[in-house]
Each structure stands twice: as structure tokens, then as C-alpha cells.
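Asker: Predicted model, plus sequence, below.
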Amino acid sequence: MDTETPDDIPDDEREALLTIGHGAVVTSGGQSLQRALTTATEYALAQGLGPVVYGVYAFAWRITQLLFRLVNFGSVGTLQRYLAAYSDDPDRQGRVVALAYLTTVVVGLVLAGGLFLGGDWLNSATVSHPEFPPTVRLFAALLVLVGLVNIHAGILRAMQSARGEVLFNRVLRPAVRLVGAVGALLLGYSVVGVAGAFVLGMAGLALVGFPVVVSATGIRPVLSGIRSEARRFYNHSGPIALSSLGKVFQNRVDVMLVGFLLTASAAGVYNVVLVLVSLAWIPLLSFNMLLPPVASGLYADDEMTTLNAVYSAVTRLIVTSVVPILVVLLVYGEAILSVFGPSFTAGYVPLVVYLGGVLVGSAVGATGWLLMMTDHQYARMALDWLLAVLNTLLTFAFVRAFGLAGAALGTAVAIAVQNGIQVVLLRRFEGLWPFDATFLKPLGAGTATAGVMFLVRESLAGGAGLVLGLSLGAVTYVGTLVLLGVNDRDRLVVATLASRYREAIVVSLGDGRFRGR
């Protein structure tokens, strides 16, 4: 049983938790909207293009998404590490920002050139469809544009503006895709026209975003003296970039192997599975929004006890938030997949397998970010590459043996192994360890919820069964948590932020009534 009360929590820990919690609330809203926009885009394309051409699009898009992870060459993570640390030196901040933009442009052009030139080879080796080469060449142009938007968002995030990052990466980017996809389909274009619409929309966002970021942060890129900052910048960004390359093979080799070893239709089904899986990552990504700069500040001030307490509390909040999402996808995943078409229900088993990796990855929290924010980026890089090789071999064997389910199994195993090792490394290097008995409470509540929802699903079909299952599931989950006892830090974050938002809403409504008079 917890013996502390919210009043006993130290002020620095309280401030850190509330900062991260507010960032999570803002980000979860943005993430939810992003997933809704992304799902709407995929639905429109799946219906408008048909299963085969949609599979061509899905494979080309996933390849491009892999390169999105590399285009910034670790610059976004480096912005998180140093912009706040240089808050009293605007010129140094400007040099870091200039390096981030220049690095992104150079690396983006190199990657785009390779993708452009390799379009025919990729087509002959995989889907063998005439529309694949022009589509992937247009997507090559997106690399630099998306990279620039990532830097816009990364600067705002490093300055602890969750709203700014959410606006660029979680709202405007997917909105551009949705508008482009629907517009191109309505005008009668196929997949090549859709790709062209994506490029035009992202170019506008990249151009408009730069003056917006400069105005919001007051940080302008500074080229003078850039060489003096370059060594430290690349000492941090280089390992992060190599880690990202390793994670491409570790977490996304499944996409490549589905395209190489299976069919275009299978690639389309797996793409929808990944869209649904992305919903389950929302809690982890949301709480990780402002944790990196907060963790960097606590580490710089040698407040390791506070950092460990924050790490533990945030990780427990992530688990508490992700469990009900996993339960819903487990119980109703097949029905959700069927919305995209009868053939997409083949993705249910891969979905369930993948969710096991999501549970493990969420249960250990921000292990990767904490390694980077505590200057152990080289350890993370080595681990990423070690497991990248292992995952490539395992996933190849699993896809050959089990098809789509094997692709999900390989990735889930990689996620579980890497995060397990990372949490051990954090304990070994910095003494950070988040786990205690309180983590069993959301897991127990989730088990009870799954049982109730399974019973409802088997007893009552159709929309009425879905509504009843979700309603009883929510009541069961919250009720079980309350019965088992809510941790004081969790209660602090939820109660304090709820009070703030309630007051803000009341003030906003009051201002509206006043102006209306």
C-alpha cells in the first residue's frame, strides 16, 4: 500500500511529472487526431485504388517511411539534448539549429537520389507493377520536405512546446496526406497522382513552417562559428543516426520482407495492421514528448533520485494508458480490420502477435530516450545494430514459415528483446529502475476487462454488442483500478491536470459569454 500522499511528493518531481503529463495530454490528442487522419487516408486509398494498386502504394510508402527515420541524421534527438542546455546563449542555439537544417538537406538529397535511381530495381525485385517506379520517385522528393518539417517540430519540442510539435507532425502532416489523397482520387488520378499531391502539400508546409518556428521560438539559424559546434553536434547525432538505421532493420524489416517474399495484396493487409498497431503506441509516444528535455535537465543537475522517481511514475502511467487500448484491439481487432474489406481480416493474427511487442515496449517506458539523454548514445547504437542483424535473420525465417504472422512475430520479438536489454543497461549505467508492485494493478485490471469484453462479444453481436462491450469494459477497467488502489503520483498528475483544464474551460466559456454580450 502507498504510504505517501500527493503533498509528500518533492516540488522538483511534482513539476517534472506535471510538465510531462501535460505534454502527454496534448500529444495524445494530437496522436489520436493523427491516427484518425491516417486511418481515413488509408481507408480512402484502399477503397479508391483497389487491393492490388493499394498494395503498390503501401509498399512504396513504407519504404519511404523507413527513410524518413534516417533523413535527419539524428538531428531531432540532438536538438532535444542541447537547445534547452544553451538557453542562455542564443547564438549557440542558432548554430545547433543551422546544423540540423543543413544536415537534413544534405542527407535528404542523398537518400532521395538513391531512391529515385533505384525505383526500377525495387520494382523488378518486388511488386513488378508499372506504377511503382513513378510513385516511389515522387516519394523520393518527400524525403527532404518531411525532413525539414521534422526539424521545425523538433525545435518546438526541444523548447518544451508540445502544442507546436503536435501541430506540425501530428496534425498538419497527416492532414496534408488526407487532403492530397482525397483530392487526387476525386480528380480521377491513380497512385501516381496521389504521390504528386503529397509532394505539393508537403512543400507548402515546409515553406510556411520556417518563419512560424522562428517567430515562436526566437531562434534563428546562425552560420558563423558553425564549425566550433559541429564536433559536439555530430558526436551526439551520429550515434543516434546509426541507431535509427539499425532500428530500420530491427523494427521495419518486416515491411521489406513482406514485399519481397509475399504479394502486393499481403503488403496492403500488413499496412493496415501497422495502422492499427500505431494506435497502441499513442501512450508511449505521448508521455515521451517532453520526457527527453526534462530528463536531460535532471541529469545535468545530477538529480538522479528525482529522475528515477519520474521515470517510474511515467512508465506506470504509460502502462495504465496502453492496457485498455490493447484489450480493445485484442477483442475487436478482427471486426475493425473487416471495415477495410473482407480480405483485410487476414491481418488479425499478425495484429495480435504484434500487440505482444507493443505491451513489452510500453511496459519499460522511455528506455531509448533515457540512454540518449544520459549520454549513452553509443551503447544504444551498438545494441540497435546487434539486434538489427538478429531480427533480420529471424524475421526472414518467420515470414518464410508463417507468412504475415511471421513478419509480426519477428518485429515483436525484436521490440521485446531490445527494450528488455535497454532497461537492464539503464540500471547498470545509471541505477535507474522503474518497476515495483504497483505495475501489477493495471495489468490485473486489463485482464478483468478482457474477460468481460470477450463475454459480451460472444453473447451479443453487431453494433449493440460493440457499444455494450466497450462501455462495460471501461467501467470494469476503471472500477478495478480504483478497487486495487491508485498510486499517489498517478492521482497527482490526473487530478492536478484535470483541475487546470477544467478551470481553463470555465474561463474560456466565461470569456465567450462576455464577448457575446
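Answerer: That came through, no problem. Keep in mind that this is a model prediction, so the values were computed, not measured.

Asker: in what helix or strand does H22 lie?
Answerer: Per DSSP states H and E, H22 falls inside helix 11-49.

Asker: Buried residues in that helix, which are they?
Answerer: Using 16 or more other Cβ atoms under 10 Å as the test for burial, helix 11-49 gives 12-14, 16-17, 19-31, 34-35, 37-46, 48-49. From N, CA and C alone the C-beta is placed, and that goes for glycine too.

Asker: again with stretch 342-362
Answerer: Along stretch 342-362, these residues count as buried under the neighbour rule (16+ other Cβ under 10 Å): 343-362.

Asker: residues making contact with it?
Answerer: Where contact means Cβ atoms under 8 Å, 6 or more residues apart in numbering, the residues beyond stretch 342-362 that reach it are 46, 51, 265, 268-270, 272-273, 276-277, 280-281, 283-284, 318-319, 322, 326, 329-330, 333-334, 337-338, 404-405, 407-409, 411-416, 419-420.

Asker: Report the mean per-residue pLDDT for it.
Answerer: Confidence over stretch 342-362, taken as the mean pLDDT, stands at 91.

Asker: Stretch 47-65 now?
Answerer: Computed over stretch 47-65, the mean pLDDT rounds to 86.

Asker: With only the CA atoms kept, save it in PDB.
Answerer: What follows is the C-alpha trace of stretch 47-65 in PDB, where atoms were taken according to Å, rounded to 0.1, in the frame of the first residue of the first chain:
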ATOM      1  CA  GLN A  47     -11.300   1.900 -51.400                       C
ATOM      2  CA  GLY A  48     -10.300   4.200 -54.300                       C
ATOM      3  CA  LEU A  49      -7.300   2.200 -55.600                       C
ATOM      4  CA  GLY A  50      -8.400  -1.400 -55.100                       C
ATOM      5  CA  PRO A  51      -6.400  -4.100 -53.300                       C
ATOM      6  CA  VAL A  52      -3.600  -4.500 -55.800                       C
ATOM      7  CA  VAL A  53      -2.800  -0.900 -56.600                       C
ATOM      8  CA  TYR A  54      -3.200   0.000 -52.900                       C
ATOM      9  CA  GLY A  55      -0.700  -2.700 -52.100                       C
ATOM     10  CA  VAL A  56       1.700  -1.000 -54.600                       C
ATOM     11  CA  TYR A  57       1.100   2.300 -52.800                       C
ATOM     12  CA  ALA A  58       1.500   0.700 -49.400                       C
ATOM     13  CA  PHE A  59       4.800  -0.900 -50.200                       C
ATOM     14  CA  ALA A  60       6.200   2.300 -51.800                       C
ATOM     15  CA  TRP A  61       5.000   4.400 -48.800                       C
ATOM     16  CA  ARG A  62       6.500   2.000 -46.200                       C
ATOM     17  CA  ILE A  63       9.900   2.100 -47.900                       C
ATOM     18  CA  THR A  64       9.800   5.900 -47.900                       C
ATOM     19  CA  GLN A  65       8.800   5.900 -44.200                       C
END
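
Asker: May I see the buried residues of that stretch?
Answerer: Of the residues in stretch 47-65, those buried by neighbour count under the rule 16+ other Cβ under 10 Å are 48-49, 51, 53-65.

Asker: With stretch 293-310 instead?
Answerer: Buried-residue list, stretch 293-310, by 16+ other Cβ under 10 Å: 293-299, 303, 306-310.

Asker: Go through those and say which is closest to R427.
Answerer: Within these, proximity to R427 (Cβ to Cβ) peaks at N308, which comes in at 9.7 Å.

Asker: shouldn't the closest one be in contact with G431?
Answerer: Yes. Using Cβ atoms under 8 Å, N308 is in contact with G431, at 7.0 Å.

Asker: and the residue positioned nearest the centre of the chain, what helix or strand is that in?
Answerer: Central residue check for the chain by Cα atoms, centre = their mean: the C-alpha nearest the mean position is that of L285, 5.0 Å away. Secondary structure assignment for L285, by DSSP H and E: helix 282-287.

Asker: Return the distance of that helix from the chain's centre.
Answerer: Between the mean C-alpha point of helix 282-287 and the mean C-alpha point of its chain there is a distance of 7 Å (Cα atoms, centre = their mean, to the nearest Å).

Asker: And stretch 190-198, by the same measure?
Answerer: Computed by Cα atoms, centre = their mean, the separation of stretch 190-198 from the middle of its chain amounts to 25 Å.

Asker: Could you do stretch 487-504 as well?
Answerer: Averaged C-alpha coordinates place stretch 487-504 at 25 Å from its chain's average position (Cα atoms, centre = their mean).
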